[in-house]
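Chemist: When you get a sec, could you give me coordinates for this:
(one chain, ligands or ions: 1)
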Amino acid sequence: MATYQSAPDLPLYIDGQFVDGFRQFDNISPVDGHLVSRVAEASEAQVAAAVKAAQAALSGPWGQLSVPARAALMHRVADGIEARFEEFVAAEVADTGRPENLARTLDVPRAIANFRTFADLAATSVSECCETPQADGGLLFNYTVRKPLGVVAVISPWNLPLLLLTWKLGPALAMGNTVVCKPSEETPSSATLLAEVMHAVGLPAGVFNLIHGFGPGSAGEFLTRQPEIAAVSFTGESRTGSAIMKAVADGVKEVSFELGGKNAAVVFADADFDAAVAGVARSSFFNTGQVCLCSERVYVERPIFDRFVAALKERAEALKIGYPNEAGVELGPLVSQKHRDKVLSYFALARTEGANLITGGDVPLFGDARDNGSWVRPTIWTGLGDDARCVREEIFGPVCHIAPFDDEEEVLARVNDSQYGLACALWTSQVGRAHRLARRVHTGIVWVNSWYARDLRTPFGGSKLSGMGREGGRHSLDFYSEISNICIKL
Ligand SMILES: O=C(O)C(=O)/C=C/C=C/O
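Modeler: Next up, the predicted model:
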């Protein structure tokens with residue numbers, strides 16, 4: 001059951017100090033609407049102070065550290081998260097209402113892995129060199145060095161709060177940058193706990209700064225407009241990405257954007273049927289559909305269409321919706337009433353667009369405190385055309401539309417007919433077809449007979465409105481570095 005604790009105040013963390021903001025905002029539980037905490041909101045002056053502190057830290061002890069020394073500090077941060085593992089689970093659950101088991105098996109372990117992986121990649125990375133013979137018999141020797149970009153603005157989303165904050169922080173810090181982080185106003189808790197760990201590890205003041213607030217006209221916008229920032233790494237909605245791009249355009253700042261998606265899952269008749277049903281149920285309803293990689297579009301080869309729809313309906317209706325600490329719970333609420341209003345607007349739109357509602361499409365009535373939360377039922381539609389808004393626009397909830405298809409060329413054209421290009425999941429037993437199609441899908445990521453299986457060394461990101469740049473493995477080392485070539489005449 002939800003525990004009503006006295007709401008703690010969450011501070012900012014600027015230049016090595018925990019400080020109050022110029023005002024506070026409420027952090028409300030999406031489980032049952034209770035007040036989780038009151039959060040310090042950073043003023044524009046405080047954001048500027050955080051960026052100046054980060055700038056100053058570059059020329060302090062942090063700037064003198066060797067790569068192995070920085071990597072060792074990143075491992076100490078990972079150790080600190082491990083030591084407070086259950087507190088991080090509680091923080092993520094408090095803000096998002098997610099099942100405890102999800103925070104325990106995904107969010108917190110990935111935060112630890114994000115620091116350890118990029119510490120090790122940074123410490124073991126090598127650079128490139130080449131020799132250039134000269135006509136006069138001389139020789140040029142070229143080699144590259146990676147230098148820090150400088151102050152990196154990290155703006156992270158509310159769907160996987162700690163995972164996505166640390167996905168950026170790990171490489172940014174391992175490569176010697178300093179950071180100012182602005183987590184979503186919906187999920188301030190785990191980022192604030194991370195600041196405590198960073199402080200305890202003894203990162204020099206100004207290396208890591210945490211500001212809370214909102215986007216436009218608040219901390220997020222103030223941060224992107226600071227002249228000293230060298231780069232912005234942002235995960236979130238595409239239109240926010242565009243706004244950030246405009247804000248940093250005059251300064252020609254480096255950006256790495258992981259934005260929205262309207263991802264497809266394609267199920268061929270020759271797929272392992274049960275695996276495909278379980279896989280699509282996971283890719284459509286995981287984290288209550290609040291992952292940029294989720295499949296809101298499902299295409300099923302006609303011979304198995306009716307059987308698949310029935311099987312996915314059964315799986316959706318069997319999903320256990322409940323309090324975060326209930327045994328076997330699989331689905332929590334959406335992150336906020338505001339986000340639920342958006343999802344419910346698409347439930348209404350689907351009705352006006354003429355969808356067949358297979359299951360869900362409404363709010364579960366619990367008859368308890370959860371009726372003050374932000375819950376919706378997992379929802380499946382069929383019967384819409386590819387031009388329907390519910391099939392083209394990102395909803396970011398536990399929803400999918402299933403459509404039949406007849407052949408590879410048809411479904412490939414339909415999958416690619418999207419303003420987004422982030423991820424795709426293909427379910428088939430024909431290896432040749434899997435490789436053929438995967439190469440022709442216009443997304444940054446393709447999973448075959450799997451979904452959201454991650455190796456942190458692989459490139460991660462999308463095309464079109466899904467963003468720009470790739471993070472992961474050496475791609476993160478490259479993005480968070482200024483690479484210089486040094487040419488020596490021998
Ligand atoms: O798993 C990751 O590293 C990642 O970046 C996930 C992004 C999900 C966005 O909604």
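Chemist: Could you use CA atoms for every contact and neighbour count after this?
Modeler: Will do.
Chemist: measure the residue most central in space within the chain to Ala281 for me?
Modeler: The C-alpha lying nearest the average C-alpha coordinate of the chain belongs to Leu164 (CA atoms, centre = their mean; 4.5 Å). Counting by CA to CA, to the nearest Å, the gap between Leu164 and Ala281 amounts to 23 Å.
Chemist: do the same with Val248
Modeler: For Val248, the distance to Ala281 - CA to CA - is 39 Å.
Chemist: what's the answer for Arg38, then?
Modeler: As it turns out, when the distance is counted by CA to CA, Arg38 lies 36 Å from Ala281.
Chemist: My read is that Ile112 contacts Ile81, right?
Modeler: Yes: using CA atoms under 8 Å, Ile112 is in contact with Ile81, at 6.6 Å.
Chemist: Asp32 looks like it's in a strand, true?
Modeler: No: in this structure, Asp32 is coil, not part of a strand, as judged by DSSP: H, G, I helix; E, B strand; the rest coil.
Chemist: Settle this for me: it is touching Gly367, isn't it.
Modeler: No: with contact taken as CA under 8 Å, Asp32 and Gly367 are classed as non-touching, separated by 11.4 Å.
Chemist: The two: who's more crowded?
Modeler: Taking neighbours as other CA atoms under 10 Å, Asp32 and Gly367 compare with Asp32 leading, 20 against 8.
Chemist: residues touching the more buried one, list them.
Modeler: Listed by CA atoms under 8 Å, 6 or more residues apart in numbering, the contact set of Asp32 reads 2, 369-374.
Chemist: Out of those residues, which is nearest to the ligand?
Modeler: For the ligand, the nearest member of those is Ser374. The distance, counting by CA to the nearest ligand atom, is 19.0 Å.
Chemist: Tell me, how many residues neighbour that closest one?
Modeler: Number of residues near Ser374 (other CA under 10 Å) recorded here: 24.
Chemist: My read is that it contacts Lys342, right?
Modeler: No: between Ser374 and Lys342 there is no contact under CA under 8 Å: 11.2 Å.
Chemist: In three-state terms, label the closest residue to Arg297 other than its chain neighbours for me.
Modeler: Spatial nearest neighbour of Arg297, chain neighbours left out: Ala264 (4.6 Å); criterion: CA to CA, 6 or more residues apart in numbering. Applying three-state DSSP to Ala264 yields a three-state assignment of strand.
Chemist: Can you say which of the contacts of Asp32 are buried?
Modeler: The neighbour-count test (16 or more other CA atoms under 10 Å) applied to the contacts of Asp32 identifies 370, 372-374 as buried.
Chemist: related to what we said a few turns ago, which of Arg38 and Ala281 has more residues huddled nearby?
Modeler: In this view Arg38 and Ala281 are compared by other CA under 10 Å, and Ala281 has more residues nearby, 25 against 18.
Chemist: ok, the one helix or strand that one maps to near the ligand or not?
Modeler: Element membership for Ala281, per DSSP states H and E: helix 273-285. No: Helix 273-285 does not reach the ligand (CA under 6 Å from any ligand atom); its nearest approach is 11.7 Å.
Chemist: and that helix, what other elements does it pack with?
Modeler: Helices and strands touching helix 273-285, by 3 or more CA pairs under 8 Å, 6 or more residues apart in numbering; DSSP states H and E, are strand 295-301, helix 305-318, strand 399-405.
Chemist: and it, how far out from the chain's middle?
Modeler: Distance of helix 273-285 from the chain centroid (CA atoms, centre = their mean, to the nearest Å) equals 21 Å.
Chemist: Can you tell me whether I have it right that Asn209 is in a helix?
Modeler: No: read with three-state DSSP, Asn209 is strand and lies in no helix.
Chemist: buried residues in stretch 75-85?
Modeler: 75-82, 85.
Chemist: One more: stretch 304-311?
Modeler: 304-305, 308-309, 311.
Chemist: burial count for whichever residue of the stretch 301-450 of the chain sits closest to the ligand?
Modeler: Distances between the stretch 301-450 of the chain and the ligand by CA to the nearest ligand atom are smallest at Phe396, namely 9.3 Å. Each residue near Phe396 was counted by other CA under 10 Å, and the total is 27.
Chemist: List the contacts of the helix holding Ala281.
Modeler: 265, 267, 289, 293-296, 298, 308, 311-312, 315-316, 331, 378, 397-400, 427, 449-452.
Chemist: Enumerate the residues of the stretch 251-400 of the chain near the ligand.
Modeler: Residues of the stretch 251-400 of the chain lying near the ligand (CA under 6 Å from any ligand atom): 291-293.
Chemist: tell me the mean pLDDT for stretch 289-296?
Modeler: When pLDDT is averaged along stretch 289-296, the result is 98.
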